[in-house]
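Peer 1: What shape does this take:
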Amino acid sequence: MGRHAEIARALAMRAKGAKLRSDGAALDDERLKAEGRRRENAGRIAQAEAKAARRTDRH
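Peer 2: Numbers count the residues shown, from 1 in each chain. Predicted coordinates for the structure are as follows:
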């Protein structure tokens with residue numbers, strides 16, 4: 001997968017996590033909120049790794 005696609009995938013993961021967390025808050029569902037936080041964090045980590053790999057590939 002290309003670097004740009006990896007970053008886009010990570011951003012989509014973060015967005016889905018934010019939506020889950022928001023839905024969990026609206027429904028007062030702790031399980032949904034926890035899953036949303038987990039996905040947001042996974043997306044943040046994936047995005048940071050993709051950006052780091054992109055930086056090292058340039059040189």
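Peer 1: only C-alpha atoms for contact and neighbour calcs from this point on.
Peer 2: OK.
Peer 1: Hmm, residue 38 is touching residue 17, no?
Peer 2: Yes. Residue 38 sits in contact with residue 17 when judged by C-alpha atoms under 8 Å, with a separation of 7.3 Å.
Peer 1: So which of those two has more stuff around it?
Peer 2: residue 17 (24 against 17; other C-alpha atoms under 10 Å).
Peer 1: Distance-wise, check the residue nearest to that one when sequence neighbours are not counted relative to residue 49.
Peer 2: Nearest residue to residue 17 in three dimensions, chain neighbours excluded: residue 36, at 4.0 Å (C-alpha to C-alpha, 6 or more residues apart in numbering). According to C-alpha to C-alpha, to the nearest Å, residue 36 and residue 49 sit 20 Å apart.
Peer 1: And the helices in this protein, which stretches?
Peer 2: Applying DSSP state H to the chain gives helices spanning 3-27, 30-58.
Peer 1: Now render those as a markdown table, adding mean pLDDT.
Peer 2: Output for those, formatted as a markdown table (pLDDT from 0 to 100):
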| stretch | mean pLDDT |
| --- | --- |
| helix 3-27 | 94 |
| helix 30-58 | 91 |
